[in-house]
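1. Here you go, sequence then predicted model.
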Amino acid sequence: METHQARQGGAAAGKLWGGRFTKTTAPEAEAFHSSIAFDWRLYREDIRASQAHARMLARCGLITPAEADAICAGLAGIAADIEAGQVAFSPADEDIHMLVERLLTERIGDIAKKLHTARSRNDQVATDTRLWVMGAIQRLDGALRRLQQTLVQLAETHRDVVMPGYTHLQRAQPVLLAHHLLAYFEMFQRDRERLADCRQRTAVSPLGAGALAGVTHPIDRWATARELGFAEVAANSIDAVSDRDFVIELLAALALVMMHVSRLCEEVVLWSSAEFGFVELDDAYSTGSSIMPQKKNPDIAELARGKTGRVYGHLMGLLTVMKGLPLAYNKDMQEDKEALFDAVDTVLGCLGAVEPMLATLKVRADRTLAATRDGFLNATDLADYLVKKGLPFRDAHGVAGQAVLAAIRAGKRLEELSLEEFRQLSPLIEADVYEVLDVRQCIAARRSLGGTAPAEVEKGLERAKKLLAQAGSPGGA
């Protein structure tokens with residue numbers, strides 16, 4: 001009863017928005033809707049945007065230059081205190097924006113109350129989030145680039161290593177390991193390009209849109225946009241504050257990053273098994289068993305594979321949050337922050353662990369080459385050989401299939417069949433067939449653009465190195 005009575009008196013105590021309220025916020029309500037436990041991470045962006053806003057207000061004559069200087073200096077002091085761990089984050093402050101404004105008021109007095117002129121928390125949080133996403137994309141691009149560099153280094157070091165290429169996880173055709181690794185380089189290159197595209201759509205300033213309808217003061221939205229590094233200004237004030245599609249777009253791009261990381265890690269798990277034995281992981285990036293002393297587990301690869309679902313979940317969660325919201329801002333949109341922060345943290349963590357795991361693994365070229373000897377990986381080459389002799393491909397495919405069946409029944413490899421056995425299948429087959437069936441010749445023959453022939457793989461390596469040498473990230477992010 002005492003608690004209930006305490007809620008009856010006075011406006012919402014200490015709240016910057018409390019003028020029309022006659023009760024204090026219930027503790028359980030305050031704890032429920034407070035976001036400062038996670039959105040404190042926006043403090044740098046919030047302070048930076050507030051400083052730009054103050055300077056713009058002064059240039060537009062809405063506050064004096066001296067007031068702007070005092071506000072900016074006070075904000076810089078708050079940033080320093082947060083960096084030094086001297087600021088406590090309390091649910092009573094609701095969010096990072098209110099905390100900063102409260103601290104600024106305590107520091108410089110009533111001048112701080114002028115800072116919120118011509119802005120709302122709605123355009124403030126949208127601005128801060130966009131700035132944070134732009135910075136996150138830069139960090140993500142750097143991590144992806146480092147992973148690409150490692151893939152290129154592995155490909156160059158093992159440029160002559162032969163391995164089976166697979167379809168349906170069945171041995172299909174021989175390829176160079178370098179060719180296989182460069183396939184992942186291309187996937188991650190597209191990931192970087194998607195992030196750069198996302199950054200372009202994120203670099204649009206909402207500041208000055210107000211709560212939803214714009215503001216009545218003569219402000220200069222382009223001035224704050226330019227100072228903060230935005231390329232554009234939001235053209236519609238309602239849209240500026242009411243959508244989080246840029247966050248969803250980033251999460252979608254990160255889901256694709258993790259899909260590619262997961263596929264790569266799945267192959268590392270397979271390749272490091274005794275059944276494959278293609279690679280050996282470094283002890284520093286493996287773990288053991290609590291009961292089986294012999295075990296060497298690919299836990300880094302497995303955990304990165306598992307965390308893919310976590311990032312997918314954040315994407316689906318935020319899509320679901322946003323799907324039914326009427327314009328403009330709704331409190332539901334507060335749910336974007338935890339999804340955003342955790343997804344970025346997860347991807348950066350995975351990239352930071354997977355890259356050195358790859359850089360330190362050992363390739364067992366003897367095992368990869370031996371795996372190409374069985375499974376009739378040169379059967380397509382026999383069919384192509386017959387095509388060059390004038391046989392239609394479908395007929396040549398049938399002859400090659402019959403040759404495989406004959407080899408299976410004889411317990412032989414395809415290249416171990418005698419010329420007489422071959423000629424029983426087709427009189428077009430001559431002694432030169434054995435050159436065609438050699439595994440390295442199978443690889444060398446695939447000289448089509450982007451193929452696995454050594455010369456094409458060298459072109460792929462040169463392309464990769466040129467892309468890595470380009471300044472910045474794809475698209476200028």
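-> Ah, there it is.

2. can you map out the strands along the stretch 151-300 of the chain?
-> Assigned by DSSP state E, counting those that start in this stretch, the stretch 151-300 of the chain shows strands spanning 162-167, 170-176, 204-205, 232-233, 279-280.

3. wait, which of those strands is closest to Ser34?
-> strand 204-205 (26.9 Å; C-beta to C-beta). Glycine gets a C-beta too; all of them are placed from N, C-alpha and C.

4. Tell me the helices and strands packed up against the closest one.
-> When contacts are defined as 3 or more C-beta pairs under 8 Å, 6 or more residues apart in numbering; DSSP states H and E, strand 204-205 packs onto helix 121-157, helix 221-228, strand 232-233.

5. Just checking: what are the partner strands of it?
-> Sheet pairing of strand 204-205 (DSSP bridges) gives strand 232-233 (parallel).

6. quick revisit: turn the helices and strands packed on strand 204-205 into JSON lines, including mean neighbour count, mean pLDDT and distance to Tyr184.
-> Listed next are the helices and strands packed on strand 204-205 as JSON lines, based on neighbours: other C-beta atoms under 10 Å; pLDDT from 0 to 100; distance: least, C-beta to C-beta, whole Å:
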{"stretch": "helix 121-157", "mean neighbour count": "21", "mean pLDDT": "98", "distance to Tyr184": "6"}
{"stretch": "helix 221-228", "mean neighbour count": "19", "mean pLDDT": "98", "distance to Tyr184": "35"}
{"stretch": "strand 232-233", "mean neighbour count": "16", "mean pLDDT": "98", "distance to Tyr184": "34"}
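
7. Quick check: bridge partners of the closest residue to Trp222 other than its chain neighbours?
-> In space, Trp222 comes closest to Val233 once its chain neighbours are excluded; the distance is 5.8 Å by C-beta to C-beta, 6 or more residues apart in numbering. Beta bridges link Val233 to Ser205, judged by DSSP bridges.

8. residue contacts, Val233?
-> Contacts for Val233 (C-beta atoms under 8 Å, 6 or more residues apart in numbering) come out as 204-205, 208, 221-222, 225.

9. Likewise for Val363?
-> 154, 158, 161, 177, 278-279.

10. could you redo the last one with a cut-off of 6 Å?
-> 158, 279 (C-beta atoms under 6 Å, 6 or more residues apart in numbering).

11. for Ala255, same thing?
-> Neighbours of Ala255 in contact, by C-beta under 6 Å, 6+ apart: 311-312, 315.

12. could those residues be laid out in a markdown table, adding neighbour count and pLDDT?
-> Converted to a markdown table, the contacts of Ala255 look like this (neighbours: other C-beta atoms under 10 Å; pLDDT from 0 to 100):
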| residue | neighbour count | pLDDT |
| --- | --- | --- |
| Val311 | 25 | 98 |
| Tyr312 | 18 | 98 |
| Leu315 | 22 | 98 |
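
13. List just the nearest of the residues you listed to Leu361.
-> Lowest distance from Leu361 to the contacts of Ala255 (C-beta to C-beta) belongs to Val311, with 24.1 Å.

14. what residues go with each domain of this structure?
-> 22-114, 121-160+175-216+234-367, 371-469 (automatic domain parsing).

15. And the residue nearest to the spatial centre of the chain, what's its pLDDT?
-> The residue lying closest to the centre of the chain (C-alpha atoms, centre = their mean) is Leu254, at 3.3 Å. Per-residue pLDDT puts Leu254 at 98.

16. now swap in Ala240 and tell me
-> pLDDT, Ala240: 97.

17. Likewise for Pro27?
-> At Pro27, the pLDDT value in this model is 77.

18. how many other residues sit next to it?
-> Residues within reach of Pro27, counting by other C-beta atoms under 10 Å, total 12.

19. what's the answer for Ala469, then?
-> Using other C-beta under 10 Å, Ala469 is surrounded by 7 other residues.

20. quick one, phi/psi of it?
-> Torsion angles at Ala469 (phi, psi; degrees, to the nearest 10) stand at phi -80, psi -10.

21. what separates the residue nearest to Trp222 from Gly208, distance-wise?
-> According to C-beta to C-beta, to the nearest Å, Val233 and Gly208 sit 8 Å apart.

22. hey, what's in contact with both of those two?
-> Arg221.

23. The residue lying closest to Gly165 once chain neighbours are set aside: neighbouring residues, count only.
-> Among residues not flanking Gly165 along the chain, Val175 sits closest, at 4.0 Å (C-beta to C-beta, 6+ apart). Using other C-beta under 10 Å, Val175 has 25 neighbouring residues.

24. Which strand residues bridge Val175?
-> Applying DSSP bridges to Val175 gives these bridge partners: Met163.

25. what about it, distance to Ala445?
-> Plainly put, Val175 is 12 Å away from Ala445 if you go by C-beta to C-beta.

26. With distance to Cys198 as added columns, please give the contacts of Val233 in CSV.
-> As requested, the contacts of Val233 are arranged in CSV below (distance: C-beta to C-beta, whole Å):
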residue, distance to Cys198
Val204, 12
Ser205, 16
Gly208, 23
Arg221, 22
Trp222, 23
Ala225, 18
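
27. roughly how far is stretch 341-360 from the heart of the chain?
-> 10 Å (C-alpha atoms, centre = their mean, to the nearest Å).

28. May I see the buried residues of that stretch?
-> 341, 343-344, 346-348, 350-351, 353-359 (16 or more other C-beta atoms under 10 Å).

29. Same check on stretch 85-93?
-> Residues 87, 89, 91-93 are the ones in stretch 85-93 that count as buried (16+ other C-beta under 10 Å).

30. Redo those residues as CSV? Include secondary structure.
-> Formatted as CSV, those follow (DSSP: H, G, I helix; E, B strand; the rest coil):
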residue, secondary structure
Val87, coil
Phe89, coil
Pro91, helix
Ala92, helix
Asp93, helix
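
31. now, which of those sits nearest Val269?
-> Proximity of the buried residues of stretch 85-93 to Val269 (C-beta to C-beta) peaks at Phe89, which lies at 40.4 Å.

32. With Asp342 as the reference, measure out to that closest one.
-> Separation of Phe89 from Asp342 (C-beta to C-beta): 18 Å.

33. cool, and Ala400?
-> From Ala400 across to Asp342, the span is 52 Å (C-beta to C-beta).

34. Please apply the same query to Val152.
-> Going from Val152 to Asp342 by C-beta to C-beta gives 30 Å.

35. can you pull the pLDDT of the residue nearest to Leu228 when sequence neighbours are not counted?
-> Distances taken as C-beta to C-beta, 6+ apart place Ala52 nearest to Leu228, at 5.4 Å, with adjacent residues excluded. pLDDT, Ala52: 98.

36. Number of residues surrounding the closest residue to Lys296 other than its chain neighbours?
-> Leaving aside its sequence neighbours, Lys296 sits nearest to Ser286 (C-beta to C-beta, 6+ apart; 5.0 Å). Using other C-beta under 10 Å, Ser286 has 19 neighbouring residues.

37. Give me the distance between the residue lying closest to Leu140 once chain neighbours are set aside and Ala328.
-> Residue nearest to Leu140 in three dimensions, not counting chain neighbours: Leu195, with 5.9 Å by C-beta to C-beta, 6+ apart. Leu195 sits 28 Å away from Ala328, taking C-beta to C-beta as the criterion.

38. neighbour count winner among these two?
-> Leu195 (26 against 18).

39. show me where the stretch 201-350 of the chain has helices.
-> Applying DSSP state H, counting those that start in this stretch to the stretch 201-350 of the chain gives helices spanning 221-228, 237-242, 245-271, 299-322, 336-360.
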